[in-house]
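K.L.:
Sequence plus predicted model, see below.
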Amino acid sequence: MEALLLNAGYEISDLDSADYVIVNTCAVKDPTEHHMSRRIKELLDGGKRVIVTGCLPHINPKVIDERVSAILGVKSIDRIGDAIRLAEEGEKLISIEQRSVDKLELPRIWKSSVAFVVPISEGCLNACTYCGTRFARGVLKSYAPEKVVKWVKEALARGYKEIQLSSEDTGCYGFDIGTNLAELLDEITAIEGEFRVRVGMMNPNHVIKFLDELVDVYKDEKIYKFLHLPVQSGDNEILRLMARTYTVEEFEEIVGAFRRKIPGLNLNTDIIVGFPGETEEAFQNTVALIERVRPDKINVSRFSPRPGTLAAKMKNQVVGWRAKERSRYLHRLRLSISYEINKKLVGRELEVLTHGQGQKGGIEGRTMNYKDIILPGAPVGEFVKVKVTKATATYLMGELVE
């Protein structure tokens, strides 16, 4: 959107001096939705003219303040210039219909950075009973491999060292155009140069269809040994109610296949606690799965009913205090496991790609399995040899090896 506005002759400024503020929204969870709607109201009350884009217009448009100047859905971002032009003329553009927009055909801003994000698809092939995002993103639309590769080559030519492949679900990439993620990664890793690829989240029900092929391509040194594979629950009945279309056993089969062939794999997973019908036994099954699999990181969320979803209407909703209690338990377990894994790296020498100034101070970098590491000082955008000096549950600390 920034590139489209610049091409249309508009200037991008800071918040204080802006004539219009674009709020690009997320509504995946109820608390996030509240934060977004509250922020929109704050800006309007402060005298700003606001344009709302993103998922909120699709998922729960009624919480959007009626004073906004325009509303654009996720498939209408190419109309951002029209939205401002019409607002200047006193008209309010509302465009949330499902249009066919190929984001790889849109311009991009080349900012000074080490990492560059390349979307490979939009939408998904799942119908999870709790998810509102699919109402916004729609069914899978994979972008042509040659377009993805073109953007990767352009980014590398401009000096980027890390390519982040993004999608609602990278695991089903290409299923609609006769290819798959493994074949795309083969093409990307064949590009000359020293760079790394971070693959975004992939769902187990798709990965298992081409598991051996994907594990083989993950061996390539250009791919971070990082796997984000959401399980959501360790109980098969809850997975059935979620309509996740895989089993706990299949999740463990995928993890086992990766770990056998990819040493040092950094496994991330997601868990939803308090899903309707989650009994104490079902929750303990999730705990047992986490203790068996021992992921490097777990993103724990409490179930949040989203408008229009089947799960929001289900009986046996779990009371809030119990869901919060389960969430806290899993969070503590997650920190304990993460720390035990990370402390084994202390004293090891690792290759790291430095990214820039870290929020915790020093220079932030990523190991080759995509763990966050903080260095007291290092050249930015370089592959450096580092010795790990300290570990926490969430990041590492290290120093350059002379």
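P.N.:
Now that the structure is in, tell me what you want to look at.
K.L.:
Please make it C-alpha for all contacts and neighbour counts, starting now.
P.N.:
Fine.
K.L.:
so where is the stretch 201-350 of the chain shaky, pLDDT-wise?
P.N.:
Judged by pLDDT under 70, the stretch 201-350 of the chain has no weakly predicted residues.
K.L.:
all strands for it, in order.
P.N.:
Shown for the stretch 201-350 of the chain, the strands assigned by DSSP state E, counting those that start in this stretch span residues 226-228, 266-273, 297-302, 349-357.
K.L.:
Contacts for the last one next, please.
P.N.:
By Cα atoms under 8 Å, 6 or more residues apart in numbering, the residues outside strand 349-357 that reach it are 113-115, 363-368, 378-388, 401.
K.L.:
go with 7 Å
P.N.:
Outside of strand 349-357, the residues within contact range by Cα atoms under 7 Å, 6 or more residues apart in numbering are 114, 363-368, 380-388.
K.L.:
Can you spell out the domain ranges of this protein, please?
P.N.:
2-95, 103-342, 349-400 (automatic domain parsing).
K.L.:
Turn the ones you listed into JSON lines, including mean neighbour count.
P.N.:
Output for the domains of the chain, formatted as JSON lines (neighbours: other Cα atoms under 10 Å):
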{"stretch": "domain 2-95", "mean neighbour count": "17"}
{"stretch": "domain 103-342", "mean neighbour count": "18"}
{"stretch": "domain 349-400", "mean neighbour count": "19"}
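K.L.:
how near is Leu140 to Leu353?
P.N.:
As for Leu140, its distance to Leu353 is 32 Å (criterion: Cα to Cα, to the nearest Å).
K.L.:
ugh, typo on my part, it should be Leu56
P.N.:
Counting by Cα to Cα - Leu56 and Leu353 are separated by 35 Å.
K.L.:
Now do Ala182 against Gly193, distance only.
P.N.:
20 Å.
K.L.:
Please apply the same query to Met1.
P.N.:
Counting by Cα to Cα, the gap from Met1 to Gly193 is 30 Å.
K.L.:
Then Ile208?
P.N.:
31 Å.
K.L.:
cool, Pro31 as well?
P.N.:
Distance from Pro31 to Gly193, by Cα to Cα: 43 Å.
K.L.:
quick one: the lengthiest helix in the chain to strand 297-302, angle?
P.N.:
Determined from DSSP state H, the single longest helix within the chain is helix 320-343. Helix 320-343 runs at 170 degrees relative to strand 297-302, counting by axes from the mean of the first three to the mean of the last three Cα atoms, to 10 degrees.
K.L.:
Against which helices or strands is helix 320-343 packed?
P.N.:
strand 266-273, strand 297-302 (3 or more Cα pairs under 7 Å, 6 or more residues apart in numbering; DSSP states H and E).
K.L.:
my guess is Gln164 contacts Arg196, does it?
P.N.:
No - between Gln164 and Arg196 there is no contact under Cα atoms under 7 Å: 8.6 Å.
K.L.:
Find the residues that touch each one of those two.
P.N.:
With Cα under 7 Å, 6+ apart, Gln164 and Arg196 have no common neighbours.
K.L.:
now the strands for the stretch 51-200 of the chain?
P.N.:
Going by DSSP E, counting those that start in this stretch, the stretch 51-200 of the chain shows strands at 70-72, 93-95, 115-119, 121-122, 141-142, 162-166, 196-199.
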